[in-house]
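> Requesting a structural model of the entry that follows:
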Amino acid sequence: MDIRLILVQAFVILFAITIHEAAHAWTANKMGDPTAAALGRASLNPLVHIDPIGTVLFPLLLILFKMPVFGWAKPVPYNPYNLRRPRKGGLWISFAGPISNILAAGAAVVLFRLLKPFGARIAEVSALSRPLEGLSVILLFTALINLSLAVFNLIPIPPLDGSGILAGLLSGRAAAGYEKLRPYGFFLLLFLMYSGALTRVFTPVQRLVLRLFN
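Below is the predicted model of the structure:
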């Protein structure tokens, strides 16, 4: 794979993870818990969010194996006892990350559409050095990676954001029972990955983004 494409994807995944985690921290602060904000996690500085495995190693492996790129950053801590409405607050804190990525993907598509009459288009890798075509490739990966990250995180398996959203929608007793899945979440995600289920989830995302850029 062309080194320039690897660098573009690495830059975009770092951007996507940064806004995702900053959105969690910002929302927690708005809901009454300043824990993450006090630790500087509401910042758009990517250095405060980097996890060596989730932000660097895992996305790099996905790029090398030509798979949809996603990853994770250091978890954003929050204290539910500080929230004005703990269950509703937890739901919105979990939802904030995927929402931020969906908005970023949408902004990339809109910007590409606005630039298309001026010559923006998806071209070969050799065109990366030409400003508008190079920007088009960056926007494509911005949409693809952000939307993939949002969809992945909406899967309702702990510790993904989807589990926090579902727990906030369940009754207290059902949420307590659902929480018992948490120790097995990592193994469930491994099963989804090796069974090919994640590929079936991401394929429609890829097709949608490519259709929007054609």
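> From here on, just use CA atoms for contacts and neighbour counts.
OK.
> in this structure, which helix has the most residues?
The residue-count maximum for a helix in the chain (DSSP state H) belongs to helix 86-115.
> What lies in contact with the following helix or strand past it?
Going down the chain from helix 86-115, the next helix or strand is helix 131-153, by DSSP states H and E. The contact list for helix 131-153 (C-alpha atoms under 8 Å, 6 or more residues apart in numbering) reads 8-9, 12-13, 16, 68-71, 97-99, 101-102, 104-106, 108-109, 111-112, 119-123, 127-128, 160-162, 202, 205-206, 209-210, 213.
> What subset of these is buried?
Among the contacts of helix 131-153, those buried by neighbour count (16 or more other C-alpha atoms under 10 Å) are 8-9, 12-13, 16, 68-71, 97-99, 101-102, 104-106, 108-109, 112, 120-122, 127-128, 160-162, 202, 205-206, 209, 213.
> quick revisit: so what secondary structure elements neighbour the longest helix of the chain?
Counting by 3 or more C-alpha pairs under 8 Å, 6 or more residues apart in numbering; DSSP states H and E, the packing neighbours recorded for helix 86-115 are helix 3-30, helix 131-153, helix 161-169.
> where's the residue nearest to the spatial centre of the chain relative to residue 59, distance?
A centroid search over the chain (C-alpha atoms, centre = their mean) returns residue 149, at 3.1 Å, as the residue closest to the centre. Between residue 149 and residue 59 the computed distance is 11 Å (C-alpha to C-alpha, to the nearest Å).
> And for residue 108?
Going from residue 108 to residue 59 by C-alpha to C-alpha gives 20 Å.
> Now do the longest helix of the chain against helix 3-30, angle only.
Calculated by axes from the mean of the first three to the mean of the last three C-alpha atoms, to 10 degrees, helix 86-115 forms an angle of 140 degrees with helix 3-30.
> tell me the angle helix 86-115 makes with helix 161-169.
Using the same axes, to 10 degrees, helix 86-115 lies at 130 degrees relative to helix 161-169.
> least trustworthy helix or strand in the protein by mean pLDDT?
helix 58-64 (a mean of 77; mean pLDDT, DSSP states H and E).
> Counting by contacts, list what it packs against.
Judged by 3+ C-alpha pairs under 8 Å, 6+ apart, helix 58-64 is in contact with helix 3-30.
> mind listing what's buried in the helix it packs on?
For helix 3-30, by 16+ other C-alpha under 10 Å, it's 5, 8-10, 12-29.
> now for it, which elements pack on it?
helix 35-38, helix 58-64, helix 86-115, helix 131-153.
> Distance to residue 168 added to these, as CSV?
Shown next, in CSV, are those (distance: least, C-alpha to C-alpha, whole Å):
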stretch, distance to residue 168
helix 35-38, 20
helix 58-64, 29
helix 86-115, 5
helix 131-153, 15
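> which one of those helices is the most hemmed in?
Greatest average neighbour count among the helices and strands packed on helix 3-30 goes to helix 131-153 (a mean of 23), per mean count of other C-alpha atoms under 10 Å.
> ok so, going back, quick one: distance of the least confident helix or strand of the chain to the chain centre.
15 Å (C-alpha atoms, centre = their mean, to the nearest Å).
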